[in-house]
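K.L.:
any chance you could fold what I've pasted below:
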Amino acid sequence: MNWKSWKEATRLHTLPVSSAGVVMASGYAAMAGRFRWLPALLCLVFAVLAQIASNYANEYYDYKNGSDKKGREGFRRGVTEGDISPEAMRRATFVTLALACCVGCCLIPFGGWQLIPVGALIAVFALAYSGGPVPLSRVGLGDVAVLLFFGLVPVCLTYYLQTGGVTLRVVCGSFAIGLLGVNVLIVNNYRDIDDDKEAGKRTTVVRFGKKTAAIAYLVFGYIAVVLTSLVWAEEWYFVVAPAVYMVMHHATWNKIRHSSGAALNPLLGATARNMLVYTLLLTACAVLYRLILIIQIMRGDFVECAA
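P.N.:
Sure, this is the predicted structure:
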């Protein structure tokens, strides 16, 4: 087995996109004093497996649809290059998706049987991004799918499974994560614009052009920071998270504007890294906020007892 080709097909550099939403939701839950490690862990494993299944499906269906070609500017595609057989990739897609569904079923005790249709919808969209009669990635709806299924759904669902509810702050945070995930897709499509035009893929970058895509990338980062302001405005130390992120975001955007082709590959990974760094910093601040609150409460109780 060609492990290197399978590693490339898994696209490890993009997995922060699926994990970031779970991390942020868990930070919000910790801030509310409702963090539960088991549903958080199960959500993380489910999200990563679902993204890997979607990545495999993307390789398989893009090969079947003729969207990929040998020697492309993007990361090497094992199926197209002949390193992995189409049948092996198809099996890997459905096995990985089945594993994700099994993990998802383990969440039923925490969220009830209503999770089944939600999980089924996630599984369908993991395939529909590249497969089906109208692949979302071919008609410019990939960005919407990422916004919903890497932002709104994982953040709100993870928070709900830990706390039993969803707040406005969480919904805003979910759209922030979704927009940061869309930025990863923008870099991917920015790089592939010529190949996509040739293959008939009408991504948003193909529809609106590279200049508009670059502006959208920058603006989405700013909007994401504003949407999470309901959290980082709580205490002064939270400002570290948006400050660090904006420096990284602007630096990556500036490189994207002056890069093309294969030179954009590391910037795709950098965009996913920026996304994860921001969520980790916000989560760390949220945990610190909760710890300080607990210490203050304990001190108050101690003072009352001493009095």
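K.L.:
rest of the way, CA atoms for contacts and neighbours
P.N.:
Will do.
K.L.:
ok, now which ones touch Lys201?
P.N.:
Counting by CA atoms under 8 Å, 6 or more residues apart in numbering, Lys201 makes contact with 67, 137-140.
K.L.:
tell me which helix or strand of this protein sits lowest on mean pLDDT?
P.N.:
Within the chain, no helix or strand scores below helix 78-81, which has a mean of 79 by mean pLDDT, DSSP states H and E.
K.L.:
quick one: contacts of whatever helix or strand comes next after that helix?
P.N.:
Remark: after helix 78-81, the chain's next helix or strand is helix 86-105, criterion DSSP states H and E. Residues from elsewhere that reach helix 86-105 (CA under 8 Å, 6+ apart): 42-43, 45-47, 49-50, 52-54, 56-57, 59-60, 63, 79, 116, 119, 123.
K.L.:
what's stretch 47-58 in contact with?
P.N.:
With CA under 8 Å, 6+ apart as the criterion, stretch 47-58 contacts 9-11, 15, 18-19, 22, 89-90, 92-94, 96-97, 99-100, 122-123, 126-127, 129-131, 154.
K.L.:
now do 7 Å
P.N.:
9-10, 15, 18-19, 89, 93, 96-97, 100, 126-127, 130 (CA atoms under 7 Å, 6 or more residues apart in numbering).
K.L.:
quick one: mean pLDDT for it?
P.N.:
For stretch 47-58, the mean pLDDT works out to 95.
K.L.:
and Val184, how far from Tyr237?
P.N.:
Taking CA to CA, to the nearest Å as the measure, Val184 and Tyr237 are separated by 28 Å.
K.L.:
those two: who's more crowded?
P.N.:
More crowded of Val184 and Tyr237, by other CA atoms under 10 Å: Val184, with 25 against 14.
K.L.:
my read: Tyr129 touches Arg138, true?
P.N.:
No - Tyr129 lies out of contact with Arg138 (CA atoms under 7 Å); the separation is 8.4 Å.
K.L.:
who's more crowded, these two?
P.N.:
Taking other CA under 10 Å, Tyr129 and Arg138 do not tie; Tyr129 has more neighbours (24 against 20).
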